[in-house]
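Undergrad: This is a predicted model, with the sequence first.
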Amino acid sequence: AVLDWITLKGEAVQPPLHRNSKVDHGFNHELTGFLLYPIGLDWNNLQYVLIKCSLGLLIIFALCG
């Protein structure tokens with residue numbers, strides 16, 4: 001499971017991620033959101049990025065090979 005490779009052996013993720021539910025995964029969790037966040041943007045300034053996106057000043061897209 002992805003949870004196994006994003007956590008160090010013997011350590012727990014805080015807040016906890018549930019193995020049998022995806023409700024708290026993705027952008028809904030600090031760790032998984034950080035891993036999904038575009039590399040050129042500052043995860044620590046999330047409000048700024050969200051405002052820019054909502055105003056159409058920033059467009060995030062994925063390139064698929």
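TA: That came through, no problem. Numbering: from 1, shown residues only.
Undergrad: which non-adjacent residue is nearest the residue nearest the centre of the chain?
TA: Relative to the mean C-alpha position of the chain, the nearest C-alpha, by C-alpha atoms, centre = their mean, is the one of Gly33, at 1.0 Å. In space, and not counting its chain neighbours, Gly33 is closest to Phe27: 4.4 Å by C-beta to C-beta, 6 or more residues apart in numbering. For every residue, glycine as well, the C-beta is placed using N, CA and C.
Undergrad: Provide the secondary structure category for the one you found.
TA: The three-state assignment at Phe27 reads helix, by DSSP: H, G, I helix; E, B strand; the rest coil.
Undergrad: Now do the same contact list for it.
TA: Under the criterion of C-beta atoms under 8 Å, 6 or more residues apart in numbering, the neighbours of Phe27 are 33, 36-37.
Undergrad: do Leu35 as well
TA: Leu35 makes contacts with Ile6, as judged by C-beta under 8 Å, 6+ apart.
Undergrad: now it: how far from Ser54?
TA: Taking C-beta to C-beta, to the nearest Å as the measure, Leu35 falls 23 Å from Ser54.
Undergrad: Kindly report the same for Leu31.
TA: Using C-beta to C-beta, one obtains 24 Å as the distance from Leu31 to Ser54.
Undergrad: And Pro15, by the same measure?
TA: Using C-beta to C-beta, one gets 26 Å for the distance from Pro15 to Ser54.
Undergrad: just Asp42 next, same as before
TA: If you measure Asp42 against Ser54 using C-beta to C-beta, the figure is 17 Å.
Undergrad: Taking the chain centroid, which residue in this structure is the extreme one?
TA: For the chain, the residue at maximal distance from the C-alpha centroid (C-alpha atoms, centre = their mean) is Gly10, at 22.1 Å.
Undergrad: tell me the phi and psi of that one?
TA: The phi and psi values for Gly10, taken as degrees, to the nearest 10, are phi 90, psi 0.
Undergrad: What part of this structure, helix or strand, is modelled with the least confidence?
TA: Taking mean pLDDT, DSSP states H and E as the measure, the helix or strand of the chain with the lowest value is helix 46-54, at a mean of 78.
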